[in-house]
Every structure is written in C-alpha cells, then in structure tokens.
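Colleague: sequence first, then the predicted structure:
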Amino acid sequence: MDLNALRTANPDHWSKATAIRALTLDAVAAANSGHSGMPMGMADVATVLFENHLKFDAANPLWPDRDRFILSAGHGSMLIYSLLHLVGDAQFPLEEIKNFRQMGARTAGHPENFLADAIETTTGPLGQGIANSVGFAMAEEIQRATYGAKVVDHFTYVIAGDGCLMEGVSQEAITLAGRHQLSKLIVMWDNNNITIDGPVTLSDRTDQVARFEAAGWHVVEIDGHNPAEIDAALTEARKSDKPSMIACKTHIALGHAAQDTSKGHGALTDADQMAAAKAAYGWTTGPFEVPADVKSAWEEIGKRGAAERAAWEERFEKMPRAKRETFNRALALDAPKKLSATIKAFKKQMSETAPKLATRASSEKTLEVINPIMPETVGGSADLTGSNNTKTSDLGVFDTDNRAGRYVYWGVREHGMSSAMNGMALHGGVRPYGGTFMCFTDYARPAMRLAALMQVPTVFVMTHDSIGLGEDGPTHQPVEHLAMSRATPNTYVFRPADTIETAEAWEIALTAKKTPSVLSLTRQGLPTVRLEHKNNNLVEKGAYVLADSEGKRQVILIATGSEVHLAMQAREMLQAEGIGTRVVSMPCMELFAAQDEAYRKRILPGGAVRVGVEAGVQMGWDRWLFGERGKSNKAAFVGMDRFGASAPAEELFEKFGITAQGVADAAKALL
C-alpha cells in the first residue's frame, strides 16, 4: 500500500484519519492491551462518515433525531473513543484516551453504552451490533410514521467486521432488514480478510456481497482508503430504498509492520514498529499529541450539526402538545399516569370473575388493556404468535406498507428478535416485548445477557415454561432455564401463578427503566389463586403470604407459577390433619431478595419446615430453603432433577411427583 500516494492525494483527509490511527497506537501501547488494527484500517471510512454524513452534535449527544453510529466490531473500540475525543465530546477528554482499558475509565475494553452518552450500544460479542441495528432502524421507522419526518428522520450507520458477518445472528439480522426494506440502515463492512487465527479463507468462503444482495440489500464495493469512493458510496446508500451494505476493502493495521496479518488484529505495542508506522504516516508529534490545526478541524466537524439540532428543536416545539408530551414521556421511559389505575381495575375484575387461564392467555388479556394506553409498546413473536399470545387487536402489523404498526412477525429468529428488541430499547421511545417458547431461551440467551448488562428494560415473554406443555416432550420442556435467567445479574424473572400476578408482573416490567424482564408463562390452564382483591402490587415484593396457617405454623410451602395452586391443595391436605401450613407465592426471587430483612423474616420466619415447589431444577432455591432462617435438615424441594418426557401434562406431573400429595408427603417427612 503506497501511503505516500494516499497522503499526497488528500492531505486534509489524511491528517484527520491519521489522528485516529496515532491515538489508537498510543492508547493501546499505554494499556499494553487492546486491538489496534481495526481502527487503523477503518479510520478513512470513519473520517468521511463523521465529516460528511453523520448527523450529530458533539455538544448534545442525546439529541433524539441524531443519526445512530454503531461499532459492531466492538473490539476496535479505540475507533469510537478517538472520534469522540477528536470531535470535542465533553465526556472524552484526553485523560480518558490515556486511561484506555483502566479501572473506572469510560474507555472500556469494548464500548459500553451506560458509560457514555454517545455510545449507542454495548458491543464486543460479535454480531450483536449489526443485530441491534435492525431494532434501531425499526424504531426509527415506527417513530417517523407516528410523529412525522419533521421530528424523526435519521439513519443508523454500522461498522461491522468479518467476525460479525460470520456469527449466525448476522444472517437473522440481514434477512430481517432486507425483508422490511430498512432503507435508513447502512452497514460498512471492514473487508480486511483477517481473523485472529489467520486469513478469513481458513474458515469461510462466503461471497458476502452476493449474500447481502440475496437478502434484498443495496450493495456497493469500494476501496476503503479512498475518501472519494467512500463519500460516493455513502451518498448512494442514503438514496437507496433498501438497506445498504458498503464493502470497504481495507488493510488491517494500515502502515504498520503487522499490516494485513492476524497479528495486526491485536495489541500493537512494539515501540520501534510504532515509530516506523508514525513516520510512514508523516506524524511527528509525541504520544497522545494531536496537532492544533487537526484537532480544531475535527472540533468543527463536531459542531457541524448544531444548527440542524437547533432547527429540530424549533420544529419539535411546534408539534401539538399532547404528541410532544407522549414523545418525551416514552423517551424518558415514564409510564402513562393511567397505567396504575388500569391495572388495578383489571385485577379487581379478574379476582371477581376468577377465570381459569393459562398464564400466556392471562398475559394477552393484560396486554389488551395496556397496549392501548402505552403507544410506545412494540410486540412480536418468533413465529409463535398464537402460542405466545403476544399480539393484541389494536397493535397493527409493522410492515413496508404500515410503518406505524406495533407488532413484528420476527420469523424463526429468536436471537435476531432479542438483539433487535435491545436495539429498539436503546434507540429510545420504544418498549419492546417479544415471545418464544421458554426452552428457546437458549437461542435468545446472548441478547438476554446483554440486555441485563446494558441496563435496558427489554421484556422476554417465555411461554410453555415447564413439563406442563405436555406432548412436545423434553426437547421443548424447559427444566434448567429459570435457573439460567435467575443466575443473570440485573434481570427480573417473573413466574406468575394466575392472571392477577401476571398483570402485576407486566406492570413492573413496563415501568422498569434499567432492568430487563423474563416472563415465565404456562401453556396449561391455572385457577385464580388471588381471590381477594388488593390494590397493592404484591409481586413487587417478590414473595408474599398467599394463605396463612390455621393453628400453630409447622410448614411453609414456597411455590411459583403453575405449582402455587398445588401448594394450596397440599395446604388443605395438611391442615385437614391439623398441620398448620403457610403458602408463600414467590413470583420473583430477585425482588424478594431486594426487600429488607424485616419483610423477608415476616414472610419466611424460622421454626417451620420448608418445601419449595417448582417444575424446574433446584438450583437457585437453596437460599430460600436452607438460608433465611431455614435449615438443610428441615427443608425439601419438589421439582425436576432430569429432563422431561413426551406425554400429556397431567401424566407428567404424576410421573415426576409434582403433585399436591407429593408436596404434602415431602412436608410430613420433615416433621
């Protein structure tokens, strides 16, 4: 690669792009850790994007109508950190660049959305950024249709690498974007043909251009170091009526001894090689020094969007007040004032009529009253709409001819759906929820973990939550999945016992601001167990006394979801024998753990024997059985310790001993 020709052909562009390369080399060397090659290879593309196309105002990184920039190849985080420092983002002074990858710095090893306003999403697990971007683009389409193009009209730009395109989730994302003609989505592929193990050809021979074209994308191939070609490709992409992929042929670690090698992917810290690279760039300043004229040129780029932002604010103020208030409320993740009263009225009706319903149907009934008053909800299902009960009559279907539709048919794409929902939540102004069978938590899991890490309130509706789904058998019967989700920090796992608990769980999930929720819902019908109406949201406490003992308390039965009514039946058996029995419903362990000691002691006092009941594995239950004033020789668990089987549900509960009699017997054996 003739660097001299690049320098002399476009000297202004070259100096700006070289600032990114130099800061990357300095920061990675100082940390003795990181990934130098990608920022060095994509510096030209990023410079043209920020200078000529990206709509942003460095002084106002949260401007709602900014273009979104997603670094899907998150290992190259020094690209975005360099850019934010150079354009004058106040959260990225030089000190942050010097503290790259150090404790407490915003400049974490991979970009983390909660550390800085201008970082749109947390990337690093490859493929997640490009999959998030589909949700960003969908949210933009829905809001443009809802509020008008004067208020919402922006692009989502993505830089993705070979690894992002190898990950399976990328196929789910690409085909979704193509199907929905998300023309405001532009992906720039860093086509450098290098992975950690060596050239891409070691493991892949995909024609990526043909792949994107087959999925319905507009595709352009360019030299990723030629600013004129980059600019023309971006201009063309913005005019397309399809999502666009720009294949940018680049050299990883451009100008360094490690250029075009797998070594170039990682941390380039050799002092002599760094000096040689900088000399080849014509970069003569010391470490972390950017010439004043280059820094000021970048700062002008950072200010370029200020006038556009001010004009947007004027337009926004002219929008009808009610629309403005809804827009701001949804963006702030505030629930409408009438949500609480709506849920209370619904609960009262349900406790009076006491229907026997599968909690997936309870969930649908709840959504029927919530969705009309929360226009920010966007529902969907991974090809299981009739089974997950996620579609309500008022939503309308999101499609190319109905951008205001609020229901997405995601197809058989659990991972793509979950990642895109995270993108919607990160975009802002949307509360996404989506359904699949609970056993397919396995397919959604990487995005569920990232929702928790990123502190976004995505709602995962997981139905058919136990052996209670019956004949589909062990491939579809979740056993370990509740434990998996409960093991994830910053996640609410709700397993409601009836329609009333389901409504309360939804109220919490749709008012949470920084915590995702998993709703574990049944296929089989369950009786209403909360027959006495309470205005308070009892699920908010995580656990509560559903029925207390008559006479001296000798047994506490703790149950969740479909097993709560079994615990109530077991209580009747035990009470008939004079054994005082309390039933505790525990719809959310995380919320119960968050209560103060006094409340937990009131619900789970010492003295009585304890039996936990749940049609899943015991993992996660020990604290409530053996801790919290319990004793290991005075507690038992009735649940699953193996995979299920294919048979009608009632036969399965008998076979595995998850019955009222089994619970009563377990309690008596401890007395």
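Modeller: It's in.

Colleague: now do the contacts for residue 27.
Modeller: Residues near residue 27 by CB atoms under 8 Å, 6 or more residues apart in numbering: 34, 78, 81, 82, 97, 98, 100, 107, 288. (Glycine included, C-beta is placed from N, CA and C.)

Colleague: ok, of those, which come out buried?
Modeller: When those are checked for burial by 16 or more other CB atoms under 10 Å, the buried set is 34, 78, 81, 82, 97, 98, 100, 107.

Colleague: please report how far the first one lies from residue 194.
Modeller: Read that as residue 34. 16 Å (CB to CB, to the nearest Å).

Colleague: now the fourth one
Modeller: Spatial separation of residue 82 from residue 194 under the definition CB to CB is 20 Å.

Colleague: same check, this time on the second one
Modeller: Using CB to CB, we find residue 78 at a distance of 17 Å from residue 194.

Colleague: same question, the third one
Modeller: Noted for residue 81: a distance of 22 Å to residue 194, by CB to CB.

Colleague: so what's residue 134 closest to, chain neighbours aside?
Modeller: With sequence-adjacent residues excluded and distances taken as CB to CB, 6 or more residues apart in numbering, residue 134 is closest to residue 420, at 4.4 Å.

Colleague: packing partners of the host helix or strand of that neighbour?
Modeller: Using DSSP states H and E, the element containing residue 420 is helix 414-427. If contacts are counted by 3 or more CB pairs under 8 Å, 6 or more residues apart in numbering; DSSP states H and E, helix 414-427 sits against helix 128-147, helix 168-179, strand 377-381, strand 431-437, helix 441-454.

Colleague: so the very next helix or strand once past the second one versus helix 128-147, what angle?
Modeller: Past helix 168-179, further along toward the C-terminus, the next helix or strand under DSSP H and E is strand 185-191. Angular relation of strand 185-191 and helix 128-147 on a 0 to 180 degree scale: 160 degrees, by axes from the mean of the first three to the mean of the last three CA atoms, to 10 degrees.

Colleague: would you map the strands across the stretch 201-350 of the chain?
Modeller: Applying DSSP state E, counting those that start in this stretch to the stretch 201-350 of the chain gives strands spanning 218-223, 244-249.

Colleague: those strands: which one's closest to residue 658?
Modeller: The closest of the strands of the stretch 201-350 of the chain to residue 658 is strand 244-249. By CB to CB, the value is 50.8 Å.

Colleague: relative to the whole chain's centre, how far out is the closest one?
Modeller: Distance of strand 244-249 from the chain centroid (CA atoms, centre = their mean, to the nearest Å) equals 26 Å.

Colleague: which residues are contacting it?
Modeller: Residues contacting strand 244-249 (CB under 8 Å, 6+ apart): 42, 45, 183, 185-192, 208-209, 212, 217-224, 230, 233-234, 236-237.

Colleague: tell me the mean pLDDT over that strand?
Modeller: Averaged over strand 244-249, pLDDT sits at 98.

Colleague: direction included, what does it pair up with?
Modeller: strand 185-191 (parallel), strand 218-223 (parallel) (DSSP bridges).
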